[in-house]
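*Asks:* Need coordinates for the following:
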Amino acid sequence: MNLSAPVWFLIVLAILTANLPFFVERPFLALPWEQKGEMPLPAWRRWLESILFFALLAALCRGTFDLIGGALFAASDAGSVVLFLIGLIGVFAV
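*Replies:* Coordinates of the predicted model:
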């Protein structure tokens, strides 16, 4: 089985997503300090938002890992690949 295409896809995807914040000139994180143009909020609320954001991000990563690592599909036919992609899109939609 040749894995060069999926490996190159992941490399290109990693490069694109790593550079995306520089293209849009905005961080993609819930930071505990004020950004330019944001209204001031209490410090406790900023920290709570940051903790909730990272908890949701960790839950999304865990769900994706369980979906991919759980061997829910066997890529022997196109139908199982489509079902896997539907499940993956469902995880990211949540």
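*Asks:* buried set for the longest helix seen in the chain?
*Replies:* Counting residues, the longest helix in the chain under DSSP state H turns out to be helix 43-69. Judged by neighbour count using 16 or more other CB atoms under 10 Å, the buried positions of helix 43-69 are 46, 67. The C-beta positions use only the backbone N, C-alpha and C, and glycine is treated the same way.
*Asks:* Okay, buried residues for the helix or strand following that helix please.
*Replies:* Of the helices and strands lying after helix 43-69 in sequence (DSSP states H and E), the nearest is helix 78-93. Buried residues in helix 78-93, defined by neighbour count with 16+ other CB under 10 Å: residue 84.
*Asks:* ok, now stretch 9-29?
*Replies:* So for stretch 9-29, nothing qualifies as buried (16+ other CB under 10 Å).
*Asks:* Show the average pLDDT along it.
*Replies:* Regarding stretch 9-29, the rounded mean pLDDT is 82.
*Asks:* repeat for stretch 36-56
*Replies:* 83.
*Asks:* Dump that stretch to CSV, keeping only the CA atoms.
*Replies:* The C-alpha trace of stretch 36-56 is given here as CSV (Å, rounded to 0.1, in the frame of the first residue of the first chain):
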residue,chain,number,x,y,z
LYS,A,36,-7.4,45.7,19.5
GLY,A,37,-10.9,46.9,19.2
GLU,A,38,-12.4,44.6,21.8
MET,A,39,-14.5,46.0,24.6
PRO,A,40,-12.9,45.5,28.0
LEU,A,41,-14.1,42.6,30.1
PRO,A,42,-13.2,41.5,33.7
ALA,A,43,-10.1,39.4,34.0
TRP,A,44,-12.0,36.4,35.5
ARG,A,45,-14.4,36.3,32.5
ARG,A,46,-11.5,36.3,30.0
TRP,A,47,-9.8,33.4,31.9
LEU,A,48,-13.1,31.5,32.0
GLU,A,49,-13.6,32.0,28.2
SER,A,50,-10.0,30.8,27.6
ILE,A,51,-10.4,27.7,29.8
LEU,A,52,-13.7,26.8,28.1
PHE,A,53,-12.3,27.3,24.7
PHE,A,54,-9.3,25.0,25.4
ALA,A,55,-11.6,22.4,27.0
LEU,A,56,-13.8,22.4,23.9
